[in-house]
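Undergrad: when you get a sec, could you give me coordinates for this:
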Amino acid sequence: MPQGDKSSYTDKQKRQAKHIEQGYEKRGVPEKEAKRRAWATENKVSGGGKKH
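TA: All right, here's what the predicted structure looks like:
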């Protein structure tokens, strides 16, 4: 699985990351940085994607 692959995340984790990303963008954070921060936040909250 290549780095950055989001296929191991649940639908709920993907929804939460998208919501977090939108909140950062609303505060004026550039899109790419907002996405990076959103996934970092989701990883901290949920412990990351499913482990095999």
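Undergrad: now the most centrally placed residue in the chain. Nearest residue, chain neighbours left out?
TA: The chain has residue 39 as the residue nearest its centroid, 2.4 Å off, counting by C-alpha atoms, centre = their mean. Once flanking residues are discounted, residue 39 sits nearest to residue 17: 5.5 Å by C-beta to C-beta, 6 or more residues apart in numbering. Quick note: C-beta positions are derived from backbone N, CA and C, even for glycine.
Undergrad: let me know whether the one you found touches residue 37 as I believe.
TA: No: between residue 17 and residue 37 there is no contact under C-beta atoms under 8 Å: 9.8 Å.
Undergrad: neighbour-wise, which of these two wins?
TA: Between residue 17 and residue 37, residue 17 has the larger neighbour count (other C-beta atoms under 10 Å), namely 22 against 16.
Undergrad: which helix or strand contains the residue nearest to residue 39?
TA: Using DSSP states H and E, residue 17 maps to helix 11-26.
Undergrad: buried sites along that helix?
TA: The neighbour-count check on helix 11-26 (16 or more other C-beta atoms under 10 Å) flags 13, 16-17, 20-21, 24 as buried.
Undergrad: repeat that for stretch 30-43.
TA: Buried residues in stretch 30-43 (16+ other C-beta under 10 Å): 34-35, 37-39, 41-42.
Undergrad: CA-only coordinates of it in PDB, if you can.
TA: Taking Å, rounded to 0.1, in the frame of the first residue of the first chain, the C-alpha atoms of stretch 30-43 are listed here in PDB:
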ATOM      1  CA  PRO A  30      -5.000  26.600   2.200                       C
ATOM      2  CA  GLU A  31      -6.700  23.500   0.800                       C
ATOM      3  CA  LYS A  32      -3.600  21.300   0.700                       C
ATOM      4  CA  GLU A  33      -2.600  22.200   4.200                       C
ATOM      5  CA  ALA A  34      -6.200  21.800   5.400                       C
ATOM      6  CA  LYS A  35      -6.300  18.200   4.000                       C
ATOM      7  CA  ARG A  36      -2.900  17.400   5.600                       C
ATOM      8  CA  ARG A  37      -4.000  18.700   9.000                       C
ATOM      9  CA  ALA A  38      -7.400  17.000   8.800                       C
ATOM     10  CA  TRP A  39      -5.900  13.500   8.200                       C
ATOM     11  CA  ALA A  40      -3.300  14.100  11.000                       C
ATOM     12  CA  THR A  41      -6.200  15.100  13.300                       C
ATOM     13  CA  GLU A  42      -8.200  12.000  12.300                       C
ATOM     14  CA  ASN A  43      -5.200   9.700  12.800                       C
END
